[in-house]
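K.L.:
give me a model of this one.
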Amino acid sequence: MIPGETSETLLLGWREWIALPELGLTLVKAKVDTGARTSTLHAFYVDGFHRGRQSYVRFGVHPLQKRTDVVIHGEALVIDQRRVTDSGGHREDRYVIRTRVVLAGGEWPIEITLTNRETMRFRMLLGRTALAGRAQVDPARSFLTGRVARPSERYGQKAPLGR
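P.N.:
Residues are numbered from 1 along each chain as shown. The predicted structure follows:
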């Protein structure tokens, strides 16, 4: 056993379906990205605000790839703001929130940064700090925790014609 692993270590592929139930996201296709330290969620708008002395953020998510008609609005307590460098070398200040991820029947808290990933293939990157001690990744395989045939139905939507 590798130090830090538990006997319940998951085997994940390079992409998996996850849920973020506290944010109203019943299903999101995530790229399992051990090259990314922090997990990132696509948010097409991100607005910070205060409630008393605490910082919060409101945001909108298009949880399904190529589907801007499916929208989930969320709100969360801000736990940090960090300067993040993306894979293209661009630096950006991002809000950081904490929420539970559900994957392969397990759930645990993770930190997520929020940024616009509209042009990216995946609405979510599941970074290595979210996986540490919980999972190993087989980069040659996908959806080892299960496939989803009609993800839009999880949001009460039908697939558009022609797909």
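
K.L.:
surely residue 80 touches residue 93?
P.N.:
No. When contacts are counted by C-beta atoms under 8 Å, residue 80 is not listed as touching residue 93 (10.7 Å). For the C-beta atoms, the positions are set from N, CA and C on the backbone; glycine is no exception.

K.L.:
comparing these two, which residue is more hemmed in?
P.N.:
residue 80 (13 against 10; other C-beta atoms under 10 Å).

K.L.:
could you find the closest non-adjacent residue to residue 130?
P.N.:
residue 110 (4.0 Å; C-beta to C-beta, 6 or more residues apart in numbering).

K.L.:
tell me the bridge partners for the one you found.
P.N.:
With DSSP bridges applied, residue 110 shows beta-bridge pairing to residue 99.

K.L.:
do you know how far the residue nearest the centre of the chain is from residue 55?
P.N.:
Residue closest to the average C-alpha location in the chain (C-alpha atoms, centre = their mean): residue 124, at 3.7 Å. Distance of residue 124 to residue 55, given as C-beta to C-beta, to the nearest Å: 23 Å.

K.L.:
and residue 107, by the same measure?
P.N.:
Remark: distance between residue 107 and residue 55 (C-beta to C-beta) = 25 Å.
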